[in-house]
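Peer 1: Pasted the sequence and its predicted model underneath.
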Amino acid sequence: MSDLANKRIVLGMTGGIACYKICELVRRMTERGATVDVVMTEAATHFITPVTMQALSGRPVFVDQWDPRVPNNMAHINLTRGADAILVAPASTDFMAKLAHGLADDLLATLCVARACPLLIVPAMNREMWANPATQRNAAQLRADGVTLLGPTEGDQACGEVGSGRMLEPHEILEDLIAYFQPKALAGKRVLVTAGPTSEPIDPVRVLTNVSSGKMGYAIARAAREAGAEVTLVSGPTALAAPRGVRRIDVTTAHDMLDAVMGRADSADIFIAVAAVADWRVKEVSASKLKKTDGGAPPVLEFVQNPDILGTVAALPRPPYCVGFAAETEDLARHAAEKRARKGVPLLVGNLAQEVLGRDDTTLVLYDDAGEHPLPRSSKLAAARQLVAEIARRVAA
Ligand code: C5P
């Protein structure tokens, strides 16, 4: 929850109905430790008042270039020096045009020109305004100038129309902002991750599965993406949303998962097998529902073993860097070492099942050629980021 600790963000708001969503964004940013200085254009104050933004950020809000509260009359310099980023959300059509041309006719535009820090903008506008060739030209110019554009996305718009130009939701802006500040240790790498349980049919209404929530695998996919990798997440059935920017492929059975993985393993640089793959499946899946009869004998199911996905990838002639997981109930070190050898992987990550399953925090222990390396107990996302850094270090070596 302290993803933005020690970050000073200048949050610029320009005129648009999406301003109302920025209240929520500021709450979430401060909750994660950021210091947020809100700067509004005059147009933005027609949608949300500076008092609202002051209450939410807990800091003075700036609108006027000639603000008498600023003794040296240089709010545009004072605010940006020491800032980690300027985030303009919502960024209107007009403001993008100003930025693309370096205009400095109000406080926010002036501090964007005078900045010594990265600038991220979150466009929000009607679909025709976004599609307008002038806006597209300005967007391209801003990208070329090193400005990061977050979104826009497609969907229902406040004006009643549907199309591209809709602002990202506050939680998406937050996720992108947090990702922006993460070290890019996996830039240019392709990472393939499996996550969640698999579900093996018994009959059309019954399955054999396990209690994996998918949280660890999803956290790793997110951390790898934050580190700059192109990430594909092959996921069994879970209730989780895919992390932003991650391509998710949904599968059900271990065989589906194997197919999805083998189709992509050759082009992956790193394969991280986090999925709790069902070890067995039912040999003969019944085409119709198995019926219970009063006093009748329960069915007897015969099982066959599922393919080992991690072992199969690790045995490829030119395998990606393979990372396995072991969730054990006891004797972690012995089982982990045995599993690492049996699967033929350079790195195996162990944890105690009873301490992690379904929870939001975890304790990971890394096993490699050099021995055992425990990581401190932390949230699954923090642990995932540490693990990704460890993997990046080993891959680079
Ligand atoms: O074989 P075991 O379940 O003990 O090993 C766990 C590791 O192997 C995990 O990384 C898991 O994702 C992977 N695995 C797999 N295919 C299986 C079973 C496990 O990829 N059929």
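Peer 2: Ah, there it is. If you're wondering where the values come from, they're calculated on a predicted model, not measured in any experiment.

Peer 1: Within range of the ligand, give me the residues from this protein.
Peer 2: Proximity of the chain to the ligand, by CB under 6 Å from any ligand atom, involves residues 194, 254, 273-275, 277, 306, 308-310, 324-326, 339. For the C-beta atoms, the positions are set from N, CA and C on the backbone; glycine is no exception.

Peer 1: Now, those that are in helices?
Peer 2: Assigned to helices by DSSP state H, the following of the residues of the chain next to the ligand qualify: Ala254, Ile309, Leu310, Lys339.

Peer 1: The first one contacts Ala276, correct?
Peer 2: No - the pair Ala254 / Ala276 is not scored as a contact, 10.3 Å apart, by CB atoms under 8 Å.

Peer 1: between these two, what contacts are shared?
Peer 2: Listed contacts common to Ala254 and Ala276 are Thr198; contacts here mean CB atoms under 8 Å, 6 or more residues apart in numbering.

Peer 1: my guess is His171 contacts Glu31, does it?
Peer 2: No - checked against CB under 8 Å, the pair His171 and Glu31 is beyond contact range at 11.8 Å.

Peer 1: what residue ranges in this structure are flagged as low confidence?
Peer 2: 1 (pLDDT under 70).

Peer 1: Apply 50 and report the result again.
Peer 2: For the chain, not a single residue meets the criterion pLDDT under 50.

Peer 1: Now the lengthiest helix in it: buried residues?
Peer 2: Using DSSP H to define each element, the chain has its longest helix at helix 380-396. Neighbour-count burial for helix 380-396 flags 380-392, 394-395 (criterion: 16 or more other CB atoms under 10 Å).

Peer 1: Next, give me the two most distant ones among these.
Peer 2: In the buried residues of helix 380-396, the most distant members under the criterion CB to CB are Lys380 and Val395, with 21.6 Å between them.

Peer 1: For stretch 164-181, list every residue counted as buried.
Peer 2: The neighbour-count check on stretch 164-181 (16+ other CB under 10 Å) flags 164-170, 172-180 as buried.

Peer 1: Closest to Ala229 out of the residues you listed?
Peer 2: Using CB to CB, Ala179 is the member of these that sits closest to Ala229, with 11.4 Å.

Peer 1: so how far is Gly102 from the closest one?
Peer 2: Between Ala179 and Gly102 the computed distance is 28 Å (CB to CB, to the nearest Å).

Peer 1: Same question for Gly228.
Peer 2: Counting by CB to CB, the gap from Gly228 to Gly102 is 29 Å.

Peer 1: Which one of those two is surrounded by more residues?
Peer 2: The neighbour count for Gly228 versus Gly102, taken as other CB atoms under 10 Å, is higher for Gly228 (18 against 10).

Peer 1: Now the more buried one: which helix or strand?
Peer 2: Taking DSSP states H and E as the definition, one finds Gly228 inside no helix or strand.

Peer 1: residues contacting it?
Peer 2: Taking CB under 8 Å, 6+ apart as the test, what Gly228 contacts is Lys184, Ala185, Leu186, Ala187, Gly188, Lys189.

Peer 1: Top of those residues by number of neighbours, please.
Peer 2: Neighbours were tallied for each of the contacts of Gly228 (criterion: other CB under 10 Å), and the maximum of 25 neighbours falls on Leu186.

Peer 1: I figured it hits Ala229, correct?
Peer 2: Yes - look at Leu186 against Ala229 with CB under 8 Å: they come within range, at 3.8 Å.
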